[in-house]
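[1] Got a sequence here, can you build the structure:
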Amino acid sequence: MTIYDDIYEIAADNYGLVTSAEAKGAGASDKELSRIAKDGRLTRIGYGVYRIKHWVPTELDPYAEAVALVGQGAYLYAESVIAMHALAPTNPALIHVATPNRVRRSLPASIEVVRRPDCCDTTEYEGIPSQTVPAAIRSCRGTMMTSRLVDAARRARELGLIRAEEEMALLEDLNGGD
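    Purely as a prediction, here's the structure:
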């Protein structure tokens with residue numbers, strides 16, 4: 001196998017994305033990574049983040065890309081978790097990403113970074129690091145209408161993203177705070 005084959009294997013499991021750190025872990029030097037990008041087999045989409053050229057886009061690509069662009073330790077946050085699962089209407093033009101780290105790199109205007117040193121309420125959905133659905137719904141109190149959050153909790157239960165007890169606790173929290 002070639003270095004590109006190793007990079008392709010990483011990217012194929014990650015929405016077509018590979019970071020320079022992942023490529024180095026597969027044995028690619030910075031020079032080889034630059035050469036592969038120059039050959040047109042990789043497209044640089046941001047600092048240290050590349051997409052393989054022959055990738056068929058999915059509806060989850062923007063979320064995976066936003067988390068990768070923010071960097072190590074980043075995860076999908078609040079409204080964007082709700083949007084990713086189509087639990088309630090949200091602003092699709094903005095992707096919220098939380099990170100415990102300070103982010104100095106320039107990012108697209110479509111990514112809003114939230115610094116959260118405490119990231120104990122995280123998981124992965126479809127391979128994308130994310131805040132848990134119950135925590136995301138709670139994080140949206142005050143920024144989304146309560147009725148939408150109630151609908152999101154009910155929809156999350158229907159989709160099997162949360163258990164019945166979690167739904168009841170969420171509904172109690174949401175309705176008790178008004």
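[2] Do a quick rundown of the strands in this protein.
    In the chain, the strands defined using DSSP state E lie at 17-19, 42-46, 49-52, 75-76, 95-99, 111-115, 122-125, 128-131.
[3] Can you check what angle separates the fifth one from strand 111-115?
    Read it as strand 95-99. Orientation check (axes from the mean of the first three to the mean of the last three Cα atoms, to 10 degrees): strand 95-99 against strand 111-115 gives 30 degrees.
[4] Provide the contact partners of strand 95-99 at residue level.
    For strand 95-99, contacts defined as Cβ atoms under 8 Å, 6 or more residues apart in numbering pick out 62-63, 66-67, 70-71, 73-80, 110-116, 119, 131. Any C-beta I mention is one placed from the backbone N, CA and C, and that applies to glycine too.
[5] Would you confirm that residue 55 contacts residue 14?
    No. Contact status for residue 55 versus residue 14: not in contact, 10.2 Å apart, counting by Cβ atoms under 8 Å.
[6] picking up where we left off before, of the strands of the chain, which is nearest residue 157?
    Distances from residue 157 to each of the strands of the chain were compared by Cβ to Cβ, and the smallest falls on strand 122-125, at 15.4 Å.
[7] residues making contact with that closest one?
    The list of residues contacting strand 122-125 from outside it, by Cβ under 8 Å, 6+ apart, reads 75, 76, 81, 84, 85, 129, 130, 131, 132, 161.
[8] Pull the number of nearby residues for residue 52.
    If you count neighbours by other Cβ atoms under 10 Å, residue 52 ends up with 20.
[9] How confident was the prediction at it?
    With respect to pLDDT, residue 52 has a value of 95.
[10] can I assume it is in contact with residue 7?
    Yes. In this structure, residue 52 is within contact of residue 7 by Cβ under 8 Å, at 7.4 Å.
[11] Report the set of residues contacting both of those two.
    Residues touching both residue 52 and residue 7 comprise 18, 42, with contact defined as Cβ under 8 Å, 6+ apart.
[12] Stretch 79-86 - what's its average pLDDT?
    For stretch 79-86, mean pLDDT is 97.
[13] What residues sit buried inside that stretch?
    For stretch 79-86, the neighbour count (16 or more other Cβ atoms under 10 Å) marks 79, 80, 81, 82, 83, 84, 85 as buried.
[14] tell me the two of the residues you listed that are most distant?
    79 and 85 (11.2 Å).
[15] Sweet, I'm off.
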